[in-house]
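# Sequence and predicted model, in that order:
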8 protein chains.
Amino acid sequence: MSNWNVYLSGEIHTDWRDRIMEGAKALGLPVTFSAPVTDHDASDDCGTVILGDENSKFWYDHKGAKVNAIRTRTLMEKADIVVVRFGDKYKQWNAAFDAGYASALGKSLIVLHDPSLTHPLKEVDAAALAVAETSEQVVDILKYVIQGRLDR
Amino acid sequence: MSNWNVYLSGEIHTDWRDRIMEGAKALGLPVTFSAPVTDHDASDDCGTVILGDENSKFWYDHKGAKVNAIRTRTLMEKADIVVVRFGDKYKQWNAAFDAGYASALGKSLIVLHDPSLTHPLKEVDAAALAVAETSEQVVDILKYVIQGRLDR
Amino acid sequence: MSNWNVYLSGEIHTDWRDRIMEGAKALGLPVTFSAPVTDHDASDDCGTVILGDENSKFWYDHKGAKVNAIRTRTLMEKADIVVVRFGDKYKQWNAAFDAGYASALGKSLIVLHDPSLTHPLKEVDAAALAVAETSEQVVDILKYVIQGRLDR
Amino acid sequence: MSNWNVYLSGEIHTDWRDRIMEGAKALGLPVTFSAPVTDHDASDDCGTVILGDENSKFWYDHKGAKVNAIRTRTLMEKADIVVVRFGDKYKQWNAAFDAGYASALGKSLIVLHDPSLTHPLKEVDAAALAVAETSEQVVDILKYVIQGRLDR
Amino acid sequence: MSNWNVYLSGEIHTDWRDRIMEGAKALGLPVTFSAPVTDHDASDDCGTVILGDENSKFWYDHKGAKVNAIRTRTLMEKADIVVVRFGDKYKQWNAAFDAGYASALGKSLIVLHDPSLTHPLKEVDAAALAVAETSEQVVDILKYVIQGRLDR
Amino acid sequence: MSNWNVYLSGEIHTDWRDRIMEGAKALGLPVTFSAPVTDHDASDDCGTVILGDENSKFWYDHKGAKVNAIRTRTLMEKADIVVVRFGDKYKQWNAAFDAGYASALGKSLIVLHDPSLTHPLKEVDAAALAVAETSEQVVDILKYVIQGRLDR
Amino acid sequence: MSNWNVYLSGEIHTDWRDRIMEGAKALGLPVTFSAPVTDHDASDDCGTVILGDENSKFWYDHKGAKVNAIRTRTLMEKADIVVVRFGDKYKQWNAAFDAGYASALGKSLIVLHDPSLTHPLKEVDAAALAVAETSEQVVDILKYVIQGRLDR
Amino acid sequence: MSNWNVYLSGEIHTDWRDRIMEGAKALGLPVTFSAPVTDHDASDDCGTVILGDENSKFWYDHKGAKVNAIRTRTLMEKADIVVVRFGDKYKQWNAAFDAGYASALGKSLIVLHDPSLTHPLKEVDAAALAVAETSEQVVDILKYVIQGRLDR
């Protein structure tokens, strides 16, 4: 397989994606990464900025969420592996939604979170093939499953 | 269609399920309701009580979450409609996971939550065919889609 | 096969459904018929009556269309045969949408319309296993495919 | 994802496709566009010109519609995004059929039409992830979902 | 499993279906049998008798074949087992078509034919889970796979 | 859900199936159990006894294995839960094959084996939602996931 | 869409494939053609030549047919369009099997045969999007559906 | 078809994979081979080395088996052909699991084993399109199905 598609879902306020992408690049792994739009304001406002304003907060959010879904669902469906990161802030229901969506599509799911979140994430973790605590562990998994080499 | 299967996912600490089931029963709707195990302690402990204890919290939770998944995934796959309720307590990532899972399976999704949760639930709502605020609205939807009658 | 599910989509302003259902009943055919909500006003208003009013016409329609979709998609997915009727009034894009939806699901599609509509319906007819002009022909098809008897 | 496949279905008598394709090209978006045959006469006559004439109008149309379906279904199945345009002329049932077909295949659907058509298109719009009024908005959506950048 | 659905495709000029159905009935096997319309004339003429005559032989046949397909595809999709019988007369391409169709759907395929037809049927046989020479063998297979009992 | 279908695959030389079926019956669980043919000789000989003898051991086995597959695949596809038991004798590759087959179909998989087999079964266990050591644990799981009650 | 995959199934004793491939090449159409092995003897003997001889004619044929199926099913599943040619010799049940298989996979099916075969092929033709009489017509269809240009 | 993907599952202690890959390379066959990680120790330890140690042997194995599944399932799903090799050592339940998994996905399955293993592998062989005894036979099959040429 010449190339692996890896979708990086979830938390958008830390550099966890960059660390995975840089780690994979440093190793020369044949991975094409994709992700939701990680510019929080753009993600919130895309629906109304492009398609026209809304008075109601509900429809404001609705329009944006659907435009974002064009990107996220297309990319998740193309992915071989979906990594979902949960942080310590915000509700992050979209991250859990993505995990459920990826799981029903039969994607290989890797969940990335601090051990303090183990209990509330137990159903999500139960659907995963790996539960990591750090971006570096995700890079190590990618290295191992793609190259077949294990550093000790 | 003689019977509709409706799965009631999410919050387990209020009586929202009972109100939907009683409402549907009062109307004589041909609905078979199903749900996850709503006994919180049973749901947490089922894995280790049945299959043997674990020292590690992670595996304790993991075993239980997987046993619960036997029930939840089977019932969701049989469902025509999946209703997911979000309340104001707990992380409820399993509810959002179920919403994503149901969505990828192509189920008709109804989300039930207070308007105060609109923004963090926007991606989940965007995948739904109806966003309700009360159990009574869910009953009204079931009545309408099953019987085709609309009370004004 | 003990029972056939037949979904009757499209035009809601003539008695074509009744004539099919009565014809099938008179013959004792083991068919369970289903259909969208055929009360035009209920169909238009269901979203806002149940889930709350909308100022914008777009969202007013949107809410209703989605609530109706809970019914129509569930019933189409359960159907063995989908009959779609086109009349001489209204745009009827929802009927054509249903025909496309049913076709992609691999349902047996029967289209029912006057010969005067042949040209604009050619793509829809091309996806059908039968193109009928009268409700009585649809009854004859159901009789033939279910009982295997052909009256001459 | 190196390339996006976008299928442009519907109205063939205005330049809406050109404007989308030129807009995407000007932005350097990695999109491969596809579309039905937009030469109206060729589309009507292809069946009989290639496979032999027909006396009956019905079969004349039927042959052509099926030859066109070889193109349209293949291209829709390859598409990541299906854009369907409704104009103010003709019945356009094939456009609505394509929208239903794309929706059942799980494609990301964008509907493009004037607000005056909102009511008759409400079921089609309800299945879409975006409802646009102009080709420029479609380009903006493509730009946003592909590049993740939002111009204000 | 309380009931098995068995579809009997192919040759319509001998009593092979009756012998299987009677054999299964005598054993009290819980099988619901289905089959194409086996009245040759009805099968040929159903399209035009119901939907109107055709001058062209091609479209005469075409209409009939499609009406028959409403029955055959619906019943094959419901079947657990598809038995296809090849005799020594006629082209029987519809039987081979059904075998290919059933095979791609993942149905358990049993082929029934005289050993003299082994060579031209080798691709069909290769897709089958059993190749029988007599109706009685098919009954024995049904008895064994349903009841788990083997008479010697 | 009125009834659960549970397929019991694997070892045929101990009474593990009986203990599960009796346990479920004693609890009044709404389960329909199914299983491969557990009469070893019948299972080995069914192909040639029914369809004619073979000189070659390979084809002797081949015919029988395919006849058995009519039963096993049909029943597995109908199952909600597939339980696979590994004992301490024989190669049991068919049990592992069934586990892989069930897993790819998305069935809920329960694996039942002695802890001494943990290492060679690690890939099979990794695909399971529960790994049990005794038939009684399987009954407890069925009771819990069906009735939602947990005995401590 | 940069490239189309077209599988050419059926008759192997005339030059119909060459004429299609040469015609497409002369037009510069972006088509990758594939086909079964058309060397009749190789196709018959491949199983035993590679995997060892068989005394029984049935298993001789069986081994070969299955090895050929590795090629034919893989290539059909990759195809966008499946063309099936029926000639005037041999039983050609494998061609009809391929047509049924392709049809159940949802491939665009083109059937190529002399009008004298219309009646026995009516079920196969009914599943097709085009029924051609000459290789040149198939080339014309490919040209039209790929380039969108119709020569008159 | 420009390239074939072939996954080589099963035994990791002999050079059977190398012989297939070298044979295919010598013939210039357009095949991309993939395989599980064949370093036994890496395969056993990958879970804990990357994601943290475990006291329990069960979870030690479980973590590793799931990380390996990210690789094996992704590669099997991309494969056109899955070859599964059984040797004379170890339980090899993972090989049989892969065979079942590949079979349910509809992959072309080739099983490679010594004739002495025919009886215990009969169910696996029954699902295969070819049963080979040597790596050279697998190369011959690949050569034949890809190039269409049969050496005698």
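Arrived safely.

# Next, the distance between the ends of stretch A:28-40.
30 Å (CA to CA, to the nearest Å).

# Any residue of it touching chain D?
Yes. Stretch A:28-40 lies within reach of chain D by CB under 8 Å from any CB of the partner chain, at A:Thr32, A:Ser34, A:Val37, A:Thr38, A:Asp39. C-beta: built from backbone N, CA, C; applies to glycine.

# how about the residues you listed in CSV, adding pLDDT?
Converted to CSV, those look like this (pLDDT from 0 to 100):
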residue, pLDDT
A:Thr32, 98
A:Ser34, 98
A:Val37, 97
A:Thr38, 96
A:Asp39, 96
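
# out of those residues, which one sits closest to chain D?
Chain D lies nearest to A:Val37 out of the residues of stretch A:28-40 next to chain D, by CB to the nearest CB, at 4.3 Å.

# Could you list the low-confidence segments of chain A?
Counting by pLDDT under 70, chain A shows low-confidence ranges at A:1.

# again, only this time at 90
Along chain A, segments meeting pLDDT under 90 span A:1-2, A:152.

# Grab the longest helix from it for me.
Scanning chain A for the helix with the most residues, using DSSP state H, yields helix A:57-78.

# if I look at the closest residue in space to A:Leu112 that isn't next to it in sequence, how far off is chain D?
Spatially, and ignoring its direct neighbours in sequence, A:Leu112 is nearest to A:Arg85 (4.4 Å; CB to CB, 6 or more residues apart in numbering or on different chains). Computed as CB to the nearest CB, to the nearest Å, the A:Arg85 to chain D distance reads 17 Å.

# On the three-state scheme, the nearest residue to A:Pro120 once chain neighbours are set aside is what?
Once flanking residues are discounted, A:Pro120 sits nearest to B:Lys91: 3.7 Å by CB to CB, 6+ apart. Reduced to three states with DSSP: H, G, I helix; E, B strand; the rest coil, the structure at B:Lys91 is coil.

# Check A:Val82 too.
In three-state terms, and counting by three-state DSSP, A:Val82 is strand.

# Spell out whether the lengthiest strand in chain A and chain H are in contact.
The longest strand of chain A (DSSP state E) is strand A:4-10. Yes. With CB under 8 Å from any CB as the measure, strand A:4-10 is seen reaching chain H through A:Trp4.

# okay, the residues of stretch A:28-40 next to chain D in TSV with neighbour count next?
Shown next, in TSV, are the residues of stretch A:28-40 next to chain D (neighbours: other CB atoms under 10 Å in any protein chain shown):
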residue	neighbour count
A:Thr32	15
A:Ser34	19
A:Val37	22
A:Thr38	14
A:Asp39	14
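
# on that earlier part again, which strands and helices sit next to the longest strand of chain A?
helix A:16-26, strand A:31-34, helix A:57-78, strand A:81-85, helix A:93-104, helix A:135-147 (3 or more CB pairs under 8 Å, 6 or more residues apart in numbering or on different chains; DSSP states H and E).

# Just give me how far the first one sits from the chain centre.
Put plainly, it is helix A:16-26. In terms of CA atoms, centre = their mean, to the nearest Å, the centre of helix A:16-26 is found 13 Å from the chain centre.

# May I have the beta-bridge partners of A:Trp132?
Trp isn't right for residue A:132; it's Ala. Beta-bridge pairing of A:Ala132 under DSSP bridges involves A:Leu112.

# show me what contacts the residue located most distally from the centre of chain A?
Distance from the centre of chain A peaks at A:Asn55, with 30.7 Å (CA atoms, centre = their mean). By CB atoms under 8 Å, 6 or more residues apart in numbering or on different chains, the residues touching A:Asn55 are C:Asn55, C:Ser56.

# between the helices and strands packed on strand A:4-10, which gets nearest to C:Lys25?
Nearest to C:Lys25 among the helices and strands packed on strand A:4-10 is helix A:93-104 (40.1 Å), distances taken as CB to CB.

# Could you report the neighbour count for A:Ser9?
Using other CB atoms under 10 Å in any protein chain shown, A:Ser9 has 30 neighbouring residues.

# closest one to D:Asp98 among the helices and strands packed on strand A:4-10?
Among the helices and strands packed on strand A:4-10, the nearest to D:Asp98 by CB to CB is helix A:57-78 (17.3 Å).

# Buried residues of the closest one, list them for me.
Within helix A:57-78, the residues scored as buried using 16 or more other CB atoms under 10 Å in any protein chain shown are A:58-77.

# Spatially central residue in chain A, please.
Central residue of chain A (CA atoms, centre = their mean): A:Ser9, at 1.2 Å.

# correct me, but that residue touches A:Asp98?
Yes. Under the criterion of CB atoms under 8 Å, A:Ser9 makes contact with A:Asp98 at 4.2 Å.

# what's the overlap in contacts for those two?
Residues within reach of A:Ser9 and of A:Asp98 at once, by CB under 8 Å, 6+ apart, are A:Thr72, A:Met76, A:Val82, A:Val84.

# From B:Phe86, how far off is the first one?
It stands for A:Thr72. 20 Å (CB to CB, to the nearest Å).

# tell me which parts of chain A are close to chain H?
So far as CB under 8 Å from any CB goes, chain A lies against chain H at A:1-2, A:4, A:80-81, A:108, A:110, A:128-133, A:137, A:140-141, A:144-146, A:148-152.

# Just list the residues touching the residue in chain A that chain E sits nearest to, thanks.
Nearest to chain E, among the residues of chain A, is A:Gly106, at 17.1 Å (CB to the nearest CB). For A:Gly106, the contacting residues are F:Gly106, by CB under 8 Å, 6+ apart.

# so which helix or strand takes in it?
In this assignment (DSSP states H and E), A:Gly106 forms part of neither any helix nor any strand.

# mind listing what the nearest residue to A:Gly100 once chain neighbours are set aside touches?
Distances taken as CB to CB, 6+ apart place B:Gly100 nearest to A:Gly100, at 2.9 Å, with adjacent residues excluded. If you count contacts by CB under 8 Å, 6+ apart, B:Gly100 has them with A:Ala96, A:Phe97, A:Asp98, A:Ala99, A:Gly100, A:Tyr101, A:Ala102, A:Ser103, A:Ala104, B:Val124, B:Ala127.

# got those as TSV, with distance to G:Thr48 columns?
As requested, the contacts of B:Gly100 are arranged in TSV below (distance: CB to CB, whole Å):
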residue	distance to G:Thr48
A:Ala96	56
A:Phe97	55
A:Asp98	52
A:Ala99	51
A:Gly100	51
A:Tyr101	49
A:Ala102	46
A:Ser103	46
A:Ala104	45
B:Val124	59
B:Ala127	55
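
# which phi and psi does the residue nearest to A:Pro120 have?
Backbone geometry at B:Lys91, expressed as degrees, to the nearest 10, gives phi -70, psi -40.

# since we're on it, how many residues are nearby?
17.

# what's the answer for the one 10 residues further on, then?
Counted with other CB under 10 Å, the neighbours of B:Tyr101 add up to 28.

# One more: A:Leu8?
27.

# List the residues that contact it.
With CB under 8 Å, 6+ apart, A:Leu8 has these contacts: A:Trp16, A:Arg17, A:Ile20, A:Phe33, A:Ser34, A:Ala35, A:Val83, A:Arg85.
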